[in-house]
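>>> Please find the sequence and the predicted model below.
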Amino acid sequence: MKQKLEEIRASALQTIDAAADLAALEQLRVKFLGRKGVLTDVLRGLAQCSPEDRPVVGKVANEVKQAVADALEARKDALAASQEAASAAAERLDLSLPGRLPLRGHKHPVMRVAEEISDIFIQLGFQIAAGPDVETEYYNFDSLNTPANHPARDLHDTFFVKPGVVLRTHTSPVQMRVMERTQPPVAVIVPGRVYRVDQDASHSPMFYQIEGLLVDKGISFADLKGVLRLFIQRYFGPTTKTRFRPHYFPFTEPSAEVDISCTVCSGKGCRVCKHSGWLEILGCGMVHPEVFKYANYDSETYTGFAFGLGVERIAMLTHAISSIHYLYENDLRFLEQF
């Protein structure tokens with residue numbers, strides 16, 4: 001019996017020392033010290049020993065039990081310390097590693113282009129004006145000399161909030177609001193969102209426009225051409241050519257559309273300009289006398305011009321973007337290029 005206890009001691013200490021983790025150690029505890037463990041069976045067999053051997057065997061059995069318990073506790077402490085050290089090493093901050101810069105945002109390409117355009121006109125003496133996105137038909141159409149039967153008033157062109165109220169289709173209503181409260185001279189630009197029922201590769205239901213208005217005594221179409229040519233050469237480059245084509249807008253007379261020499265082929269003809277050498281960028285004209293009547297301006301004393309351009313179109317030309325929808329899909333792979 002005594003020899004068997006020594007064998008149990010040796011076996012227990014060896015296997016405990018080799019335990020790889022706390023789970024394995026718990027299994028060994030149950031194996032040797034559990035209610036059905038090896039030592040428990042030996043202690044139950046003491047009754048079979050002779051009265052002379054029983055105290056000796058009992059003493060050895062208690063020593064073996066204590067030695068196994070001490071070995072289990074020591075190995076448990078060692079494994080716990082090892083796990084703690086491994087966890088600390090995994091979480092340790094290596095101060096020698098380079099830091100990670102946080103992601104930094106930047107201005108959207110449409111906003112950047114809008115600011116660049118606005119800055120040019122501000123340098124020319126224009127001021128920035130703003131107005132509501134939700135507008136009345138009076139300011140959006142009536143006061144701008146737009147007939148009641150004009151196609152722009154149809155549901156397939158304009159978002160109606162309710163009868164008589166629309167999402168503005170251009171920023172021209174702000175020009176009328178400015179004229180109502182300001183006597184000439186007036187020189188303003190109006191950057192802002194506008195809305196139209198239109199969607200394809202070059203159109204979006206919501207887009208940005210910048211419209212301009214200049215009213216004073218003696219303003220002529222030559223002044224309009226001079227201002228726009230100066231803007232175009234500052235923005236697109238001094239060698240950019242311009243072309244004015246007759247057009248119709250209800251709020252200006254005469255009216256024109258302005259083309260520039262293609263920014264891709266320099267006017268030689270390519271796929272972007274449809275081999276014409278020209279790109280249309282904005283509409284303009286002299287303010288219609290009927291519009292001045294709504295503003296209570298004397299059209300015999302004052303004249304003025306107005307113009308309007310789409311910011312997205314300018315951004316697409318500047319950065320060779322093939323579809324307006326890339327600007328509003330919020331794809332970081334696209335936006336990070338600007």
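Cool, got the structure.
>>> Can you show me the strands along the stretch 151-300 of the chain?
In the stretch 151-300 of the chain, the strands defined using DSSP state E, counting those that start in this stretch lie at 160-162, 165-167, 186-195, 206-216, 242-249, 252-261, 278-287.
>>> Using CSV, lay out these together with mean pLDDT and mean neighbour count.
C-betas here are computed from N, CA, C, even on glycine. Shown next, in CSV, are the strands of the stretch 151-300 of the chain (pLDDT from 0 to 100; neighbours: other Cβ atoms under 10 Å):
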stretch, mean pLDDT, mean neighbour count
strand 160-162, 90, 11
strand 165-167, 93, 18
strand 186-195, 95, 20
strand 206-216, 94, 22
strand 242-249, 94, 15
strand 252-261, 94, 20
strand 278-287, 93, 21
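>>> out of these, nearest to Lys225?
strand 242-249 (6.5 Å; Cβ to Cβ).
>>> Report the contact partners of Tyr328.
For Tyr328, the contacting residues are Ser204, Met206, by Cβ atoms under 8 Å, 6 or more residues apart in numbering.
>>> hang on, the earlier thing: export the strands of the stretch 151-300 of the chain as JSON lines, with columns for distance to Tyr302.
Putting those into JSON lines (distance: least, Cβ to Cβ, whole Å) gives the following:
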{"stretch": "strand 160-162", "distance to Tyr302": "33"}
{"stretch": "strand 165-167", "distance to Tyr302": "29"}
{"stretch": "strand 186-195", "distance to Tyr302": "9"}
{"stretch": "strand 206-216", "distance to Tyr302": "6"}
{"stretch": "strand 242-249", "distance to Tyr302": "19"}
{"stretch": "strand 252-261", "distance to Tyr302": "15"}
{"stretch": "strand 278-287", "distance to Tyr302": "9"}
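>>> Quick one, which of those gets closest to Arg112.
Using Cβ to Cβ, the strands of the stretch 151-300 of the chain put strand 206-216 closest to Arg112, at 11.5 Å.
>>> In its sheet, which strands sit next to the closest one, and in what direction?
strand 186-195 (antiparallel), strand 303-310 (antiparallel) (DSSP bridges).
>>> Please enumerate residues in contact with the first one?
When contacts are taken as Cβ under 8 Å, 6+ apart, the neighbours of strand 186-195 outside the stretch itself are 114, 117-118, 121-122, 125-131, 133, 159, 167-172, 174-175, 178-179, 205-216, 304, 311.
>>> How about stretch 226-239?
Contacts for stretch 226-239 (Cβ under 8 Å, 6+ apart): 116-117, 120-121, 124, 214, 240, 242, 258, 260, 263, 266, 281-282, 284, 305, 307, 314.
>>> So for Asn140, which of the strands of the stretch 151-300 of the chain sits nearest?
The nearest among the strands of the stretch 151-300 of the chain, by Cβ to Cβ, is strand 165-167 at 5.5 Å.
>>> Against which helices or strands is that closest one packed?
strand 134-136, helix 137-140 (3 or more Cβ pairs under 8 Å, 6 or more residues apart in numbering; DSSP states H and E).
>>> Now with 7 Å, please.
strand 134-136 (3 or more Cβ pairs under 7 Å, 6 or more residues apart in numbering; DSSP states H and E).
>>> Let me know whether Pro205 touches Thr169 as I believe.
No. Using Cβ atoms under 7 Å as the test, Pro205 is too far from Thr169 to be in contact (11.0 Å).
>>> ok, what's across the strand from Leu214?
Ala187, Phe305.
>>> residues contacting it?
By Cβ atoms under 7 Å, 6 or more residues apart in numbering, Leu214 lies in contact with Val186, Ala187, Gly304, Phe305.
>>> Just give the number of residues close to Thr169.
22 (other Cβ atoms under 10 Å).
>>> Quick check, it in contact with Thr158.
Yes. Between Thr169 and Thr158 a contact is recorded at 5.6 Å, counting by Cβ under 7 Å.
>>> Could you tell me which residues touch both of those two?
Contacts common to Thr169 and Thr158, judged by Cβ under 7 Å, 6+ apart, are Ala152, Arg196.
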